[in-house]
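J.: test case, fold it:
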Amino acid sequence: MDGTHTIQCHCQLLSVNWCTYVNQFVSETVTIPPPGIAHKSGLTVANNPQEPSTPNYVIGYTPSSEQLFSRRTAASHAGYLLPYLKAGMKVLDIGCGPGSISVGLADAVAPGEFYGIDMEQSQVEFAVAAARKGGHDNARFQVGDALDLPFPESYFDVVHCHTVLIHIPDTSAALAEAMRVLKRGGFLASRDMIGDLTFVEPNTGRMGEIIPSMLKLIAESGGHPLLGKEHRPKFSDAGFIEIESKASFESFGSTEEVELFACVFGEDFSQRFATTEELDEFRRDAADWKAQPGAFAGFAMAETVASKP
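T.: Just a heads-up that it's a prediction; the model follows:
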C-alpha cells in the first residue's frame, strides 16, 4: 500500500490509502491477454468469455466498494487457506473480484497455475492489472460462471471462494461444479458471511437499517445470508469430507475503516433500497455515525476447508 488517493462518495471526498494498481487501472485501459483457459474438453484458449448465470452482486460496483474489495489480501482474508498451499499447485479462485486476494494465492503456489474467474468484466480487468503490477506471471483471469466452470474434470488442487456462495441461489450446483474440477484429495476453501452475527455499533438511526436491509436484499436475490453457519452440512451433503470450519470477523474499527464503512454502506449501498427522501437521512446518519468515537462494525465470517474424497 502506498500513496494517498481520494475516492468520491456522494456527499464528500474520502481520503484513503489504497492499492496503486487500482488507481493506475482507473486511468488506463488494460487489455486482457489470452489466458490459456482450460475448457471441459481439454486445455485450450478461451477468447469468448461466458455469460454468467449468477445474480447481480447486491453490494454493487462503486468507487467505494472497489476500495472495500481491494483492501482484502490473501493474508487478511484467506489466511485460513494459506497453510494448505504448496508451490506447484493448480488453484482456481471463483469470484476473484479485483484480484487483491488472488495475487497472494498465486504467489503461494508459484510456479503453479492460478486461474481466477468473476462474473463482472470490470473485476476481471482489475485482477489482470493487479497481476501485471505484481509480476504474477502464473495468474490468468477471465469472465466465468461458478455454475458452469470452463475447466476439465479433476484439474485443480484447490478451489477458493471468498463471499461467493452466499450470492448463488443453487448452492448445491455450485458445490458440485467445484467438486467436479477438483482432483481427488483436492481442497475447497470458502469464506462466507454469518449474517445474523454481523453488527453495526452504535446501532441507531438509519445506520441501524444497513445490515437488515443487506441481508434482505441478498435473500430476495436468491442468496443465502446465513450460509456461513451452514457450511458443514452443505459441504457434507455435496460429498466433501474432512470438513474444518472456523469463524472470524472482517472488522471496521480504525478511523479510516469507519469512514470506508460509512461511505460504502451508509451512502452508496443505501441507494439500492432507499427512497430519494430517505437517502438524505442515510447520508446524514452515516456522517453522524462515523463521527462518534465508538463507531465500530464487523462482518462475522465462516472459513471452511474441505476435501474431495
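
J.: quick one: low-confidence ranges for the stretch 1-150 of the chain?
T.: Within the stretch 1-150 of the chain, the stretches with pLDDT under 70 are 1-57.

J.: where along this protein do the strands fall?
T.: 4-8, 13-17, 38-39, 42-43, 91-94, 114-118, 139-143, 156-162, 182-193, 199-201, 241-252, 296-307 (DSSP state E).

J.: and those strands as CSV, adding mean neighbour count and distance to Asp107?
T.: The C-beta positions use only the backbone N, C-alpha and C, and glycine is treated the same way. Below are the strands of the chain laid out as CSV (neighbours: other C-beta atoms under 10 Å; distance: least, C-beta to C-beta, whole Å):
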stretch, mean neighbour count, distance to Asp107
strand 4-8, 14, 24
strand 13-17, 14, 21
strand 38-39, 18, 21
strand 42-43, 10, 23
strand 91-94, 27, 11
strand 114-118, 29, 9
strand 139-143, 24, 9
strand 156-162, 25, 14
strand 182-193, 22, 16
strand 199-201, 17, 33
strand 241-252, 15, 21
strand 296-307, 21, 19
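
J.: which of these sits closest to Val258?
T.: Val258 lies closest to strand 241-252 among these, at 5.7 Å (C-beta to C-beta).

J.: counting contacts, what elements does the closest one pack onto?
T.: Identification of packing neighbours for strand 241-252 by 3 or more C-beta pairs under 8 Å, 6 or more residues apart in numbering; DSSP states H and E yields helix 231-237, helix 255-261, strand 296-307.

J.: okay, those in TSV with mean pLDDT and distance to Leu85 next?
T.: Output for the helices and strands packed on strand 241-252, formatted as TSV (pLDDT from 0 to 100; distance: least, C-beta to C-beta, whole Å):
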stretch	mean pLDDT	distance to Leu85
helix 231-237	98	19
helix 255-261	95	27
strand 296-307	98	11
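
J.: compare these and give me the one nearest Asp145.
T.: helix 231-237 (19.6 Å).

J.: so which of the helices and strands packed on strand 241-252 is nearest Pro225?
T.: Distance to Pro225, taken as C-beta to C-beta, is lowest for strand 296-307 among the helices and strands packed on strand 241-252, at 10.7 Å.

J.: which residues does Ile211 contact?
T.: Counting by C-beta atoms under 8 Å, 6 or more residues apart in numbering, Ile211 touches Gly195, Thr198, Phe199, Val200.

J.: same thing but 6 Å
T.: Going by C-beta atoms under 6 Å, 6 or more residues apart in numbering, Ile211 touches Thr198, Val200.

J.: phi, psi of Met119?
T.: phi -80, psi -10 (degrees, to the nearest 10).

J.: next, count neighbours for it.
T.: Counted with other C-beta atoms under 10 Å, the neighbours of Met119 add up to 23.

J.: against Arg180, how distant is His224?
T.: 21 Å (C-beta to C-beta, to the nearest Å).

J.: rewinding a little: distance to Pro233 for the strands of the chain - can I get that in JSON lines?
T.: JSON lines is the format used below for the strands of the chain (distance: least, C-beta to C-beta, whole Å):
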{"stretch": "strand 4-8", "distance to Pro233": "40"}
{"stretch": "strand 13-17", "distance to Pro233": "39"}
{"stretch": "strand 38-39", "distance to Pro233": "31"}
{"stretch": "strand 42-43", "distance to Pro233": "35"}
{"stretch": "strand 91-94", "distance to Pro233": "21"}
{"stretch": "strand 114-118", "distance to Pro233": "26"}
{"stretch": "strand 139-143", "distance to Pro233": "31"}
{"stretch": "strand 156-162", "distance to Pro233": "17"}
{"stretch": "strand 182-193", "distance to Pro233": "13"}
{"stretch": "strand 199-201", "distance to Pro233": "25"}
{"stretch": "strand 241-252", "distance to Pro233": "9"}
{"stretch": "strand 296-307", "distance to Pro233": "11"}
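
J.: and of these, who's closest to Ser76?
T.: Closest of the strands of the chain to Ser76 is strand 241-252, at 8.4 Å (criterion: C-beta to C-beta).

J.: let's see that closest one as PDB, backbone CA atoms only.
T.: What follows is strand 241-252, C-alpha atoms only, in PDB (Å, rounded to 0.1, in the frame of the first residue of the first chain):
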ATOM      1  CA  ILE A 241     -15.000 -34.900   3.700                       C
ATOM      2  CA  GLU A 242     -12.500 -33.800   6.300                       C
ATOM      3  CA  ILE A 243     -14.500 -30.500   6.800                       C
ATOM      4  CA  GLU A 244     -12.800 -28.000   9.000                       C
ATOM      5  CA  SER A 245     -14.600 -24.700   9.900                       C
ATOM      6  CA  LYS A 246     -13.500 -21.600  11.800                       C
ATOM      7  CA  ALA A 247     -15.100 -18.200  12.400                       C
ATOM      8  CA  SER A 248     -13.600 -14.700  12.100                       C
ATOM      9  CA  PHE A 249     -14.600 -11.100  11.700                       C
ATOM     10  CA  GLU A 250     -14.000  -8.600   9.000                       C
ATOM     11  CA  SER A 251     -13.900  -5.500  11.200                       C
ATOM     12  CA  PHE A 252     -14.100  -1.800  10.700                       C
END
